[in-house]
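Undergrad: Got a predicted model here, sequence first, then my questions.
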Amino acid sequence: MNWWEGELLKVKGNRLLLENQPAETIAKKYGTPLYVYSRKQILRNFQALKEAFASAKPGLEVRIAYAMKANPHRGILKLLLKEGCWVDAVSPAEIETAINSGFPENRIMFTGTSISQEDFEQVLRQTGVTVNIDAYEQIDLLFAARKRLRVKGPVRVSVRWNPGLGRGFCSKTTTAGERSSDGTPIKFGVDDSRVVETFKKLKQLSFRPVGLHQHLGSGWTEEDFPVAIKAVDRMIKKARELKRAGFDLEFLDFGGGFGPKYKADQRLFPVPEYAAYILDKVENSKLGIKAIVVEPGKYLVAEAGVLLVKVEYLKKSYGNLFACVNAGTYNTVPRPAIYEEAYHEIVNASCVNTRQKAKITVVGHLCETGDVFGVERLMPCPKRGQILAVLMAGAYCRTMASNFNLRKIPKEILL
Ligand SMILES: Cc1ncc(COP(=O)(O)O)c(C=O)c1O
């Protein structure tokens, strides 16, 4: 069995099946390039996460807030809504999409960075949304927005703090700490030393501070576990400091970040151990916390999506062998073009497990050297017209795709 087989992907007679239908048949029916998403795989991932937190004691609610930036497909939002999910939204348009997909305002949390007063005005039109402040300096803008809209009832707010350590699969996806591994100063969250002051100011302006939030970064593997639990300890310590300052928090939000398996040799982040650690620390903290929140994106949807592309021809040049496909990375699966470290497995849908392999560089139709889906992959040599599946395309692919070279962004189907 191949490491990537699951609810969405199976192999039968050397052919790739997507939820039991041949990938080639789906490609023929809908055309390529095409994103294909799987309800079954999303549900399985959601259940696995729920089970990880199943031992929470009565009285402690566990909220799973889907980071919809990963994939705001309406069908996926509706599916997760039915399962009892909350939503982590990062722009007014994401809030609008969540509401149009049926999410009640009180299951939406807004976490914005570099936010304008106009953004806050749009957010506050939905009075049930919890507003997660990313900077002390945002408070004046939020206050001005509330005043302009003449919001009557209490506005629920929380504070995203930067616990001073972060972790992501690469520098660009590390979202806490002082600087990223490439030296970039990290823009997110309120500095440790200003958290209490931020809560005090919110209270003074009659906002209702209800929670503390952190998000360390995206794409954790097993080796990130020690940092993740250290950050849990820091969160509890900070919540204790807030309690001493008179703030009884309703929830602690530990963000997202736990990655699914992108590569055969990647060791998975131990989600059950992480969940157990959070539950233990929160339940024994005597802080009276009523809810804990996690905000997964990738974990729920990455492996639930593939991109199907067609091989137009094979090209030889200076000893290199290229499979030239009818899609561009920037318009479909842009992660390898954006992040040097990103990897997406590529499977030949017509001859998945053929023993004889060649070293193939899979390239797209964009005018850019970086338009490469995979470099020198050892795989069954594709033939003209065959379908390749680019795996793990359910998260941060369609949503990060552009019209570079005026190429279209592909259609999506949800099986
Ligand atoms: C605030 C916040 N929460 C959650 C996430 C989800 O991260 P992931 O998809 O790695 O779980 C992100 C993504 O960057 C984020 O910025």
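TA: The structure has been received and is ready for your questions.

Undergrad: so residue 388 makes contact with residue 377?
TA: No. Taking Cβ atoms under 8 Å as the definition, residue 388 is not a contact partner of residue 377, at 10.1 Å. Any C-beta I mention is one placed from the backbone N, CA and C, and that applies to glycine too.

Undergrad: So if I had to pick from the two, which one is more boxed in?
TA: Between residue 388 and residue 377, residue 388 has the larger neighbour count (other Cβ atoms under 10 Å), namely 29 against 17.

Undergrad: what about the one helix or strand that one maps to, distance to the chain center?
TA: Element membership for residue 388 (DSSP states H and E) is strand 387-390. In terms of Cα atoms, centre = their mean, to the nearest Å, the centre of strand 387-390 is found 23 Å from the chain centre.

Undergrad: Which residues does it contact?
TA: Residues outside strand 387-390 that contact it (Cβ atoms under 8 Å, 6 or more residues apart in numbering) are 9, 16, 18, 23-24, 27, 32, 306-311, 323, 325, 332-333, 344-350, 362, 373, 382.

Undergrad: In space, what's closest to the residue of the stretch 1-150 of the chain at minimum distance from the ligand - neighbours in sequence excluded?
TA: Here the residue of the stretch 1-150 of the chain nearest the ligand is residue 67; by Cβ to the nearest ligand atom that distance is 3.5 Å. Leaving out its chain neighbours, the residue that sits closest to residue 67 by Cβ to Cβ, 6 or more residues apart in numbering is residue 297, at 3.4 Å.

Undergrad: just residue 195 next, same as before
TA: In space, and not counting its chain neighbours, residue 195 is closest to residue 161: 4.9 Å by Cβ to Cβ, 6+ apart.

Undergrad: Ok, residue 266 next?
TA: Nearest residue to residue 266, sequence neighbours excluded (Cβ to Cβ, 6+ apart): residue 221, at 5.5 Å.

Undergrad: quick one: the one you found from the ligand, how far?
TA: 12 Å (Cβ to the nearest ligand atom, to the nearest Å).

Undergrad: what bridges to that residue?
TA: For residue 221, the beta-bridge partners are residue 268 (DSSP bridges).

Undergrad: Kindly report the same for residue 208.
TA: Per DSSP bridges, the residues bridged to residue 208 are residue 156.

Undergrad: Is the ligand within reach of the lengthiest strand in the chain?
TA: For the chain, the strand reaching the highest residue count under DSSP state E is reported as strand 305-317. No. If you take Cβ under 6 Å from any ligand atom as the test, strand 305-317 misses the ligand, and the best it gets is 13.0 Å.
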